Structures are given as structure tokens and as C-alpha cells.
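In: Got a sequence here, can you build the structure:
(chains A, B, C and D)
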Number of protein chains: 2
Amino acid sequence: MTQTSTDQPPVNARERIVETALSLFYQNGLRATGIDKIIAESGVAKMSFYRHFPSKGDLISEFLRRRHDNWMAWFTAAVGKKLEKPGRGLEVIADVLGEWFDEPGFRGCAFINTISETPDYEADQNQIVRDHKAQLEFFVKQTAIQLGLSAPDKIAATAMIIIEGTIVRAQMTRNPDVISHCRWLLQMTARVENPSRRGATSRSRRRSRDARNH
Amino acid sequence: MTQTSTDQPPVNARERIVETALSLFYQNGLRATGIDKIIAESGVAKMSFYRHFPSKGDLISEFLRRRHDNWMAWFTAAVGKKLEKPGRGLEVIADVLGEWFDEPGFRGCAFINTISETPDYEADQNQIVRDHKAQLEFFVKQTAIQLGLSAPDKIAATAMIIIEGTIVRAQMTRNPDVISHCRWLLQMTARVENPSRRGATSRSRRRSRDARNH
DNA sequence: GAGAGACTATACAGACCTGTCTACCTATAA
DNA sequence: TTATAGGTAGACAGGTCTGTATAGTCTCTC
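Out: Residues are numbered from 1 along each chain as shown, chains lettered A, B, ... in the order given. Below is the predicted model:
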């Protein structure tokens, strides 16, 4: 997740602006980051900026789209790689999140932060956030299916709660214990819904069926 | 949670300011809410404002403290009341959250939103947020103890992930299904750690011990 | 070599932001 | 009655914000 592109400074003005926005918007927030600061840091003339992005909102939308592309590419690849090892399940998501939390500039989920900063539920920004999260949930569901788990819809919806909660807790407390709790929750979620998997016995399967009375 | 005090407009200037801040800061965000707007809406002179709060940051701190008082009082009372009915466990938290989500002006957790808006980890605001969440976690732990559950520390830490995740999902998606998923997760958390409770058999107890390998 | 396209440099308009200053009002208590 | 506490009213300083306007530069292509 850290490096989203090559280290060569981007050639054209537009790309320099977007790269700067990727860093400043995430690090300091949308409202706290002024256009002037982005212009200064990207070394671009003001008119170049407004040629490419008619308003700050346009840059914010582009920022979110790019953040989505980068983050999803990194996340799905990391989860996929961990799942190559046999005997591993949905809980690899916890380990992948843990790697993200360890990155130097980690400041939570850019999309959760956007929702927090943007009161208007219907705002374009918030719609992009919801699209991103819907795609993440879809990926979790597909992963559950790929793992042969039943009730993938319910598992994905539940895992989303766990994922969001884990990210928020990591951002807020910086306590690494959150990862083991996240792993445990994900294991429980997958296992209770699929008692026959991962070394569960027929006795435990019966019990879990009883417990599924939510 | 909705009504935090009587409907009589507060008499003194300070109280009018705080009440207005309680509404505007939560509804529109900290940075988006200007001092001038608070002054106008509370019908107070600018000098009165700065006599009581030397800077905007002081009002933000007071806002968070009052929000903590109000929210915790409401939450603990609501959970306590639901637990009076026999046969109910930690999952009542989900129902209480659900009532909160249904309130008209719901816009997520003021404290999560504050963290999202405040990049400086060590800022006073963020410290107040962490204090608030620590107190919430402590309350969950005490509730787990009161329910006779074992491993209350782990249950509280895990429940915090579930609670934060549920709030964020509710704010983001406005999908009421999140509450049933939250309830299910809380039941699982309490039950897996305490298999003898709530109709689990001795066989299931053995299985859960095996599963506790996080 | 001339035009087009992308970019630079900088001044500026107008809004809004936090915080200060001066001046005045009013009720209460010493 | 007079000092004091708490409040009102509004101008203003100095900064930041987004966005526009004007004018010039550089490079590549026809």
C-alpha cells in the first residue's frame, strides 16, 4: 500500500497534483488541506491546477478514485497471496490490515475519514465512499465463496463490521492487540457459519447449528 | 440520547453557547462550524463568547466532555434497563445502538468523527476521545462481569471493535441490517468465550476451548 | 517560423475565519 | 450609591480560503 507508483516524480502537472493530493488529503484531511498548499507542494502553477480540476471538489473526487484503485489493488493482492498457503481462511484479512497499520503515515481509512468530514449524506464524495465499501464487501464475499464457505453474504456483511471497527480502533488507540482480536472475530464468523470447516468435529457442527439463532 | 436537557432555553450565555455547539459541531463537523455561526445561533455577543472560551479549541474540548457525559449517561442507562429483563446478554448493546441510529440527526459517533478530522494524534481533542472510548470499554467490561462472563477484558476489547464497526457502517450505509449482524457478533463473542452459558452443552464447551487459539 | 497546447508566474477579488478592541447596558450586592 | 459581574453591539485587524484574470514561456509540430 505504501508505494503506489514508481519513485520517479511524475512528469505532467496533472499527475503531480494528484500525487500530492493523495498524500496531503489523506494525511491532513480534506478540509484542512488548502488548494494553495497542494499547488505549492506539487510545484505547479495555479492556472495549471484549475485547468485540470475546475474546483477543489473535482480533485477530491479524483483523490478518492485513485485511493480506491491503489488500496483495493494492494489489499486484494495481499489477501490473495496469503490465501495461497494452505489451511488459511478469512482471518488472513486481519494480518493484511496489520501490515497496513504498521506503515509510517497510517491515519485510518481515507473513506471513513471522508464520511466523518462530509455531513451531506448525498454528497458526491460520500457516494464514492459507499461505492468503495460496496466493492470491498463484494471482494470479501467472493473470497468467502472461494474458500467454500456457506452464507457468504452474511459473512461479508459481518466481516465489514469487523474490518471497519478494527481500522477505527487501530487509528484511535495504536494498540497492536486489535489485530489478534480482529483475527479471532473473523475466524469465529467463518467457523460458526461453517462448522464443518477447519478441523471442527461433527459434535461442534451440531452445536453451531444451535447457536445460529440470530 | 436525543434530549440531553430540558427544553427551556438555557439562561446564561455560557450554557447557550455549549448547547449550540453540541448541535452544530456534531451535525456539521468541528472545522466546518465557525465561531461566528455558533455566536449567531446562540444569540450571544462575541465578547461573551470569548470571555467564556478563550479559543475555539476550548469550546471543542467542552463540547467533547459534554457529549461524553450525555452519551454515556444515556447509553449505560439504556443498556442497564434492557439487561433487567432475564435471559438477555451482551447483545442488548446492538439494540441500544439501533435506537440511537434511528434518531433523526444521527451522524455517527462524534468521537470517531473527531479523530477523523484531527490529524495530530496527541492533540487534546484526540486525548479526550481516547478517554471516552476507554470509559466505554470499561463499562462493557463491567457489564460482562456483571453477566458472569469469563475473559471480560477480551470480551470488552472485542466488543469495542464490533461497536465501532457497527456505528461506522450505520453512518455510512444507513442499512438497518447492521444491527442484527452486530447482535449476532456480540452473541458469538460472549458465547464462544463462555460456552456453558445460554444453553451450550459440555461438548460445545470442549469445542470452544479448542477454538480459542487466537 | 508560426501556431497550438501545456505550463508558469503573479496579482487580485470576495468570502470567511479567528480573535481583539471599544463602548455601552443592567442587575445586584456591598 | 457605587462598584462589579455579566452581558450586548458592532467595528476591525490580519489571515486564509477558493477561484479568476492577465501576461508570459517553452516545446513540439506542421
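In: I'd like the next helix or strand past the longest helix anywhere in chain A.
Out: In chain A, assigned by DSSP state H, the helix with the most residues is helix A:56-84. Under the assignment DSSP states H and E, the closest C-terminal helix or strand after helix A:56-84 is helix A:92-101.
In: Now that following helix: buried residues?
Out: Neighbour-count burial for helix A:92-101, counted by 16 or more other Cβ atoms under 10 Å in any protein chain shown, picks out A:92-98, A:100-101. Yep, even glycine has a C-beta here, placed from its N, CA and C like the rest.
In: In JSON lines, list those residues along with pLDDT and distance to A:Y121.
Out: Formatted as JSON lines, the buried residues of helix A:92-101 follow (pLDDT from 0 to 100; distance: Cβ to Cβ, whole Å):
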{"residue": "A:V92", "pLDDT": "98", "distance to A:Y121": "33"}
{"residue": "A:I93", "pLDDT": "98", "distance to A:Y121": "28"}
{"residue": "A:A94", "pLDDT": "98", "distance to A:Y121": "30"}
{"residue": "A:D95", "pLDDT": "98", "distance to A:Y121": "33"}
{"residue": "A:V96", "pLDDT": "98", "distance to A:Y121": "30"}
{"residue": "A:L97", "pLDDT": "98", "distance to A:Y121": "27"}
{"residue": "A:G98", "pLDDT": "98", "distance to A:Y121": "32"}
{"residue": "A:W100", "pLDDT": "98", "distance to A:Y121": "27"}
{"residue": "A:F101", "pLDDT": "98", "distance to A:Y121": "28"}
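In: quick one: which of these is nearest B:Q146?
Out: A:A94 (29.4 Å; Cβ to Cβ).
In: so the closest one touches A:P176, yeah?
Out: No - between A:A94 and A:P176 there is no contact under Cβ atoms under 8 Å: 11.3 Å.
In: Do you know the pLDDT at the residue in chain A that chain B sits nearest to?
Out: Here the residue of chain A nearest chain B is A:G165; by Cβ to the nearest Cβ that distance is 2.8 Å. With respect to pLDDT, A:G165 has a value of 98.
In: how far away is the residue lying closest to it once chain neighbours are set aside from DNA strand C?
Out: Computed as Cβ to Cβ, 6 or more residues apart in numbering or on different chains, the closest residue to A:G165 that is not its neighbour in sequence is B:G165, at 2.8 Å. If you measure B:G165 against DNA strand C using Cβ to the nearest atom of the strand, to the nearest Å, the figure is 31 Å.
In: Give the buried residues for the host helix or strand of B:G165.
Out: Per DSSP H and E, B:G165 falls inside helix B:152-173. By neighbour count on 16+ other Cβ under 10 Å, the buried set for helix B:152-173 is B:152, B:154-173.
In: Go through the helix or strand where A:D36 lies and flag the buried ones.
Out: Element membership for A:D36, per DSSP H and E: helix A:35-42. Buried residues in helix A:35-42, counted by 16+ other Cβ under 10 Å: A:35, A:38-39, A:41-42.
In: what does whichever helix or strand comes after it rub up against?
Out: Sequence order places helix A:46-52 as the next helix or strand after helix A:35-42, per DSSP H and E. Outside helix A:46-52, the residues that touch it by Cβ atoms under 8 Å, 6 or more residues apart in numbering or on different chains are A:13-14, A:17, A:35, A:38-39.
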